[in-house]
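*Asks:* Sequence and predicted structure below; questions after.
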Amino acid sequence: MEATLQENPGARRLVAGWLKFALGALALSTVFAMLVVGTRTPLLSGFAFAKEFFRSALVLHVSFALTVWFFVCAAAMWTLAAGGAGPARRAALALAYAGAAAMTVAPFVGTPLPVLSNYVPVLDSRIFLFGLVGFVAGVALCGAAATGDIVRRLKADPHDVWRFGVLLSIAAMAMALVSLAASMKTTGVPAEQSGFELLFWGPGHLLQFVHTLLMMTAWIVLGERVLGGAVASQRWLYGLLLLAALPILAAPIIHILYPVEGPEFRRAFTSIMTWGSWPAAVLLATRILLQMVRAGRAAWSKPEALPLGLSILLLFIGCIIGASIRGETTMVTAHYHGTVGAVTLAYMGLGYYLLPAFGFSTSGGRLARWQLSLYGTGLLLLAFSLAWLGSMGALRKTPHSELAAQSTMAFSAMQLGGLLSLVGDILLVVCIMRSTRQRGDSGAEKKQPQSRSRDVRLRALALTSSLVVMIGLTVMYLPTWLNASPEVKRSEDARVAHVQEKTDAEIRLRFEQGVAMLNAKEYEHALTAFHRVLQLSPSLPEAHVNTGFALIGLERYAIARDFFESAIELRKDQLNAYYGLAMALEGLKDIPGALGAMRTYVHLAPAEDAYRIRAEAAVWEWEAKLTEERDKTLAVKKAGTAVR
Amino acid sequence: MIWQWISKLASLKFTLVVLVLVGTGVIISYRSEGTTTWALALPLFLFSLNLFAAILTNPVFRRQMPLLMFHLALIAIVLLVAVGRLSYLKGRIELAEGEEFSARLAEVEKGPWHWGQLDQVSFSNEGFTIEYAPGVQRGKTVNSVRWRDEQGTEKRGVIGDMVALSVHGYNFYTSHNKGFAPIFTWHPDAGGPSVAGAVHLPAYPRHEYSQAQTWTPPGSKSNVWVMLQFDEVILDPEKASEFRVPTEHKLVVRAGEERRELGPGESIRLPDGVLEYNGLRSWMGYTIFYDFTLPWLLASGVLAVGCMAWYFWRKFSVRPWN
């Protein structure tokens, strides 16, 4: 791996470009994480903008910590595996930079609505979406441009198993993009959260295979370094990597068999991730761990052992928590904090490992160990505390205040974990910066010390355009903020109205999401959405009714009945509440009660109501049933009298 | 072959020609009354080509990051100025209190590439206050407006001479022009719906003594002359005051030989309908400005200055000045 960098200055510069990008993404995600924390601090959270900015900052934090960081690390590995450089690869890097720049400025342009969709949270703004498309296009171009060279190098030297892992990850990425295009044929450019959820469901699951394959590749490289030889036989490793990539072949079949908006589609993709994403990684991890135990102290004392060991540990914990997921609780969040931490630590380890190949000093000694330990510990704490909260039924994507109410201790542990991982992120940037200042003895830079004659045009172009965009947007929007502030101070009503407007927007969004989930028979998801609607607007009868229908879907009739009754209490003419109440009572075998509710529905429903015929049929059926039961009872009574 | 052409484009002689063309364009723009956009846009475009070719061919730009960034910022400035001239819009409108903006401008001046969305702008004047210092010194204009933003959400806010309402890239500023607007409803004899509208009297206080206007009701053949009369001192030169509609006034209406003094709710019979006077409101004049390049121009300018400073700092900090 390091030989490729030393032999090829073009590739080295390009990989360095991607790695700097990755570091920048991590730094930005940290900045946005701090803003998330900032908007929750007592002093700042008093401002209306802080409440609004919380979700945008959260989207940006997740985007940069997951989408951008992972994709950029993937692109760096693809470029590294391909070796060489070319205009297409340089264009890919520039395109990705421009896309990420647009994503960064998006929250400051207007008031984009944050869409916390699974896998790829987005801001519903053109700038963000164009930026995201540009960024992904850049990464995809990088993968496409690298494929040919990787295949050629792999043919020349099949012992480079890591190149095979990288190649498979490109294939998984290609499949994810095809899945995205196929989903987009149905959803178009979504206008609401449920649309984004559908759009990213398939590709989001497939991306997990990209990350798993690259994490395994990083393990193979780090493992070789730690063990001083191959972690397993070449055939075994090829087999494991193929096993890890195999489930992605199911994606086209799922797209052919099921409609994107259907529940089967969601379940099928969930299944391939649930059953397909971890076995190969766990097998490889076990193999590496066993080898390390056999190798003894010599292996554990290597600097690469720490990130490798922590990465494996986090993967195991992530998998165990993943197996305990029941419903939409913070257990899901705990699971992905474990797995995301595992991939990130593998990349961090690989980054430290490659530093000397760029001509920089090695890892940075004690500080690097601190960095890895803090980050790993932070992620472990986060995963455990979120799992703890999840085991108590805390729903995901709920405000911190509600999580704190569940368990102060678990919540404190979660905050401490977040803080430690944040410090770990910052320390990584510090370590790398320190290393780049202290040039190493070995490496290619020594062979080519003349950096002054380097062509700076591409960098200058990227820097100029980024700075013009950043300053321009600041100039455009800063006066608006400055002008807006006296008005905000002058009019408390305006602030309240603004907050109310945004709350209404979220209620609408969650409600739509819930209805979409209800139609897709995804009752757990629907329940989560309506639960949030009820938190924001407890006296919205429609939310009570739909919660009731979601509970009927889950066959929890008694609670469903309560929701329908509360809806009727809130609004006597809430037609659907009577229908739902009748269904819930039927589920509870209370046929007389169900009949009464359904009669009220029939009485109130207009003639053209779509459900009226069904309701009348139910009334007829239940009346017949009751008559039959009454007759039976009379017959039994008569028979009893006759016997006496 | 292509490289030779690029080298020619990069030559300083060509720069000189371009600068002469820019100068000529500026003179033409000042002297002509018609649209002179191309006279400026074309030389600026050539200037950017010249700069770009210089960056491609001159080896110094491959090594000197600040110098290269300065020139790139310069290209951005030149191109933005050219695009700005092609796509700008300047206009003027007047809106009575409560009136909705209808995208019809009283005066307009725009570049040939202005394909904006003025017809999608929706805002209304909700009334304004202007404080005057003694000596009829105009103070700050505080104009309440209601508008729909790009997402269609209705919003309310306050704008002024220096604080714009920005919708779809158009900036609406209040102007010093404002005055009184009698509101009428026209009931035509020929049938059809009654039409309500406002007649904007000349600006107040600039035309304090000529508050009259001639107007033709919609679909009518009769010209109507209206004049506002009131005895109150609205803007007292001796003390601080505020622009407002007079509490007591009368409206003199003359149509043909007939002359009537109307109060709110009264009407006058015209040959082809009845004109009903509903009351007096104010109107505000707005200037509209659209040039999406301005923030980017400022950004490019700031960057160019910064890069130039960076370049010279590096140049002179290499060795001590003494």
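*Replies:* Nice, thanks for sending it over. Numbering: from 1, shown residues only, chains lettered A, B, ... in the order given.
*Asks:* Given whichever helix or strand residue B:280 is part of, what are its sheet partners and their directions?
*Replies:* Assessed by DSSP states H and E, residue B:280 sits inside strand B:273-290. Sheet pairing of strand B:273-290 (DSSP bridges) gives strand B:89-96 (antiparallel), strand B:170-188 (antiparallel), strand B:267-270 (antiparallel).
*Asks:* Format these as CSV; extra columns: mean neighbour count and distance to residue A:30.
*Replies:* For every residue, glycine as well, the C-beta is placed using N, CA and C. Converted to CSV, the strands paired with strand B:273-290 look like this (neighbours: other C-beta atoms under 10 Å in any protein chain shown; distance: least, C-beta to C-beta, whole Å):
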stretch, mean neighbour count, distance to residue A:30
strand B:89-96, 19, 43
strand B:170-188, 20, 37
strand B:267-270, 18, 72
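*Asks:* Could you export these as CSV, including mean pLDDT?
*Replies:* As requested, the strands paired with strand B:273-290 are exported to CSV (pLDDT from 0 to 100):
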stretch, mean pLDDT
strand B:89-96, 91
strand B:170-188, 91
strand B:267-270, 88
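*Asks:* Quick one: the ones you listed as a markdown table, columns for distance to residue A:169 too.
*Replies:* Below are those laid out as a markdown table (distance: least, C-beta to C-beta, whole Å):
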| stretch | distance to residue A:169 |
| --- | --- |
| strand B:89-96 | 51 |
| strand B:170-188 | 48 |
| strand B:267-270 | 81 |
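*Asks:* quick one, which of those is nearest to residue B:118?
*Replies:* When those are compared by C-beta to C-beta, strand B:170-188 sits nearest residue B:118, at 6.3 Å.
*Asks:* Would you tell me what the next helix or strand after the closest one is?
*Replies:* Counting by DSSP H and E, the next helix or strand C-terminal to strand B:170-188 is strand B:195-198.
*Asks:* ok, that next one: who's next to it in the sheet?
*Replies:* When pairing is defined by DSSP bridges, strand B:195-198 lines up against strand B:170-188 (antiparallel).
*Asks:* And the residue nearest the centre of chain A?
*Replies:* residue A:119 (3.0 Å; C-alpha atoms, centre = their mean).
*Asks:* Helix or strand: which one has it?
*Replies:* Counting by DSSP H and E, no helix or strand carries residue A:119.
*Asks:* So it is in contact with residue A:205, correct?
*Replies:* Yes: using C-beta atoms under 8 Å, residue A:119 is in contact with residue A:205, at 7.4 Å.
*Asks:* Residues that sit against both of the two, list them.
*Replies:* Common contacts of residue A:119 and residue A:205 (C-beta atoms under 8 Å, 6 or more residues apart in numbering or on different chains): none found.
*Asks:* rewinding a little: quick check: closest non-adjacent residue to the residue nearest to the centre of chain A.
*Replies:* Using C-beta to C-beta, 6 or more residues apart in numbering or on different chains and skipping the chain neighbours, the partner closest in space to residue A:119 is residue A:204 (2.7 Å).
*Asks:* list the contacts for that neighbour?
*Replies:* For residue A:204, the contacting residues are A:118, A:119, A:120, by C-beta under 8 Å, 6+ apart.
*Asks:* Of these, which is the nearest to residue A:541?
*Replies:* Residue A:541 lies nearest to residue A:118 out of the contacts of residue A:204, by C-beta to C-beta, at 29.0 Å.
*Asks:* Got phi/psi on that closest one?
*Replies:* phi -70, psi 150 (degrees, to the nearest 10).
*Asks:* Would you tell me which of the strands paired with strand B:273-290 gets closest to residue A:329?
*Replies:* That would be strand B:170-188 among the strands paired with strand B:273-290, by C-beta to C-beta, at 48.5 Å.
*Asks:* so for the strand holding residue B:280, what's the average pLDDT?
*Replies:* The pLDDT scores in strand B:273-290 average 91.
*Asks:* Which residues does whichever helix or strand comes after it contact?
*Replies:* Counting by DSSP H and E, the element after strand B:273-290 in chain order, helix or strand, is helix B:294-317. If you take C-beta under 8 Å, 6+ apart as the criterion, helix B:294-317 is touched by A:464, A:467-476, B:64, B:66-67, B:69-70, B:73-74, B:76-77, B:80-81, B:84.
*Asks:* Against which helices or strands is the strand or helix carrying residue A:613 packed?
*Replies:* Applying DSSP H and E as the criterion places residue A:613 in helix A:612-643. In terms of contacts (3 or more C-beta pairs under 8 Å, 6 or more residues apart in numbering or on different chains; DSSP states H and E), helix A:612-643 is packed against helix A:575-587, helix A:591-604.
*Asks:* Chain B is nearest to which of those helices?
*Replies:* Set against chain B and scored by C-beta to the nearest C-beta, the helices and strands packed on helix A:612-643 come closest in helix A:575-587, at 28.4 Å.
*Asks:* tell me the mean pLDDT over that closest one?
*Replies:* 90.
*Asks:* what sits up against it?
*Replies:* Here helix A:575-587 has contacts from A:541-542, A:544-545, A:548-549, A:551-552, A:555, A:557-558, A:560-561, A:563-565, A:567-568, A:571, A:591, A:593-595, A:597-598, A:600-601, A:604-605, A:609, A:611, A:615, A:618, A:622, using C-beta under 8 Å, 6+ apart.
*Asks:* Alpha carbons only: can I get that helix in PDB?
*Replies:* Output of helix A:575-587 as PDB, limited to C-alpha atoms (Å, rounded to 0.1, in the frame of the first residue of the first chain):
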ATOM      1  CA  LEU A 575     -65.600  10.700  12.000                       C
ATOM      2  CA  ASN A 576     -62.600   8.400  11.600                       C
ATOM      3  CA  ALA A 577     -62.300   8.200  15.400                       C
ATOM      4  CA  TYR A 578     -65.700   6.400  15.600                       C
ATOM      5  CA  TYR A 579     -64.700   4.000  12.800                       C
ATOM      6  CA  GLY A 580     -61.300   3.300  14.500                       C
ATOM      7  CA  LEU A 581     -63.000   2.900  17.900                       C
ATOM      8  CA  ALA A 582     -65.400   0.300  16.400                       C
ATOM      9  CA  MET A 583     -62.400  -1.600  14.900                       C
ATOM     10  CA  ALA A 584     -60.600  -1.500  18.200                       C
ATOM     11  CA  LEU A 585     -63.600  -2.700  20.200                       C
ATOM     12  CA  GLU A 586     -64.100  -5.500  17.700                       C
ATOM     13  CA  GLY A 587     -60.500  -6.500  18.300                       C
END
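*Asks:* Could you pull out the buried residues of it?
*Replies:* By neighbour count on 16 or more other C-beta atoms under 10 Å in any protein chain shown, the buried set for helix A:575-587 is A:575-587.
*Asks:* Quick check: phi and psi at residue B:10.
*Replies:* Per degrees, to the nearest 10, the backbone of residue B:10 is at phi -80, psi -10.
*Asks:* er, residue B:203 I mean
*Replies:* Reported as degrees, to the nearest 10, the phi and psi values for residue B:203 are phi -60, psi 140.
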